[in-house]
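In: kindly return the folded structure for what I paste below:
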Amino acid sequence: MKLVLQRVSQASVQVDGREISRISQGLMVLLGLEKGDGEETLVELAKKMVNLRIFEDDQGKMNLSLLDIQGEALVVSQFTLAGDCSRGRRPGFDKAAPPDLANELYLKFVDEVQRLGVPVQTGQFGATMSVEIQNEGPVTFILER
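Out: So this is what the prediction gives:
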């Protein structure tokens, strides 16, 4: 499981030219699911994500979490994060979770983040999406297990 976290002042997702999700201050989360990923891993990474101190305090230090700032999350399934580019010129996706399992884990991840107290918006699983972000900093982190 891989998460790309981008600290944003706003982010949105469009499908077929229609906006389906929008957040203000918080995290844009690209979620890549791989074979072998399970609920234990997603619970661990959701907890890590909402508590990671990557937002600035009054002194300009990264000292506040998503929960501390009462921010939002926009979670988008990102199949290509499971891509392997180590050989040749075409990525391989053998490590990617099958679509049915990936969708199930994606929805469970979203539920877990909400359970932890963060309002969540989502992309549309399996759709071609246009994602717009205003990355603050820019600040980007990768979490993986």
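
In: pLDDT at the spatially closest residue to Ala96 that is not a sequence neighbour, what is it?
Out: If the residues on either side of it in the chain are set aside, Ala96 comes closest to Ala82, at 3.7 Å by Cβ to Cβ, 6 or more residues apart in numbering. From N, CA and C alone the C-beta is placed, and that goes for glycine too. Per-residue confidence (pLDDT) for Ala82: 95.

In: do the same with the one 3 residues further on
Out: As summarised for this prediction, Cys85 has a pLDDT of 95.

In: roughly how far does the nearest residue to it once chain neighbours are set aside sit from Ser12?
Out: Nearest non-adjacent residue to Cys85, counting by Cβ to Cβ, 6+ apart: Pro91, 5.0 Å away. Relative to Ser12, Pro91 is positioned 27 Å away (Cβ to Cβ, to the nearest Å).

In: these two: which is more packed in?
Out: Ser12 (19 against 12; other Cβ atoms under 10 Å).

In: and that one, what does it touch?
Out: Residues in contact with Ser12, defined by Cβ atoms under 8 Å, 6 or more residues apart in numbering, are Glu19, Ser21, Arg22, Ile23, Leu74, Val131, Glu132.

In: can you tell me which residue is spatially central in this protein?
Out: Taking Cα atoms, centre = their mean, the centroid of the chain lies closest to Val29, which sits 1.9 Å from it.

In: which residues in the protein form helices?
Out: Listed in chain order, the helices of the chain (DSSP state H) span 39-51, 99-115.

In: now do the first one: distance to the chain's middle.
Out: The gap between the average C-alpha position of helix 39-51 and the chain average comes to 11 Å, counting by Cα atoms, centre = their mean, to the nearest Å.

In: wait, the residue nearest to Ala96 sits on Leu31?
Out: No - under the criterion of Cβ atoms under 8 Å, Ala82 makes no contact with Leu31, lying 10.4 Å away.

In: which residues do these two both contact?
Out: Counting by Cβ under 8 Å, 6+ apart, the contacts common to Ala82 and Leu31 are Lys2.

In: between the two, which is the more surrounded one?
Out: Remark: of Ala82 and Leu31, Leu31 carries more neighbours, 28 against 21, as counted by other Cβ under 10 Å.

In: so the more buried one sits right up against Met1, yeah?
Out: Yes - between Leu31 and Met1 a contact is recorded at 7.4 Å, counting by Cβ under 8 Å.
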